[in-house]
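Undergrad: how does the following fold in three dimensions:
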Amino acid sequence: MTRAQANLPKLARSEAITGVTRYNEVVAYIVPRERLESLLDTIDFLSDPKARKAIAKFKAGKMKFHDLEDIK
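TA: I've put the predicted structure just below:
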């Protein structure tokens with residue numbers, strides 16, 4: 001924890017997710033902003049029942065795709 005505090009500016013610029021430990025146990029993570037935003041977007045998307053249904057339909061091979069030029 002002390003080393004993380006001393007290196008916070010460097011850790012904040014890092015693109016890696018960094019675990020912060022205290023007594024050899026992870027107590028926090030430093031997550032780059034872009035990665036956290038992406039994770040939150042994914043959580044938000046997957047919380048939508050319609051989106052989950054569409055994903056299941058796609059995985060089951062029951063979704064049809066069409067060329068945009070054919071749709072009028």
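
Undergrad: buried stuff in stretch 21-33?
TA: Under the neighbour-count criterion of 16 or more other C-beta atoms under 10 Å, stretch 21-33 has 30, 32 buried. (Each C-beta comes from the backbone N, C-alpha and C, glycine too.)

Undergrad: what does it contact?
TA: Around stretch 21-33, the neighbours that count as contacts under C-beta atoms under 8 Å, 6 or more residues apart in numbering are 1, 4, 11, 12, 14, 15, 16, 17, 18, 19, 20, 39.

Undergrad: mind redoing it with 7 Å?
TA: With C-beta atoms under 7 Å, 6 or more residues apart in numbering as the test, stretch 21-33 has contacts from 1, 11, 12, 14, 15, 17, 18, 19, 20.

Undergrad: how is the protein divided into domains?
TA: Per automatic domain parsing, the structural domains of the chain span 1-31, 33-63.

Undergrad: just give me the lowest mean pLDDT stretch among the ones you listed.
TA: If the domains of the chain are sorted by mean pLDDT, domain 1-31 sits at the bottom with a mean of 87.

Undergrad: centre of the chain to that domain, how far?
TA: From the chain centre to the centre of domain 1-31 is a distance of 19 Å (C-alpha atoms, centre = their mean, to the nearest Å).

Undergrad: go ahead and flag the most central residue of this structure.
TA: residue 39 (2.2 Å; C-alpha atoms, centre = their mean).

Undergrad: which one is that residue nearest to, not counting chain neighbours?
TA: Nearest in space to residue 39, with sequence neighbours left out and distances taken as C-beta to C-beta, 6 or more residues apart in numbering, is residue 31 at 7.6 Å.

Undergrad: re the thing from before, drop anything exposed from the contacts of stretch 21-33.
TA: Buried by 16+ other C-beta under 10 Å: 11, 18, out of these.

Undergrad: quick check: residue 43 vs residue 52, distance?
TA: Residue 43 is 12 Å from residue 52, where distance means C-beta to C-beta, to the nearest Å.
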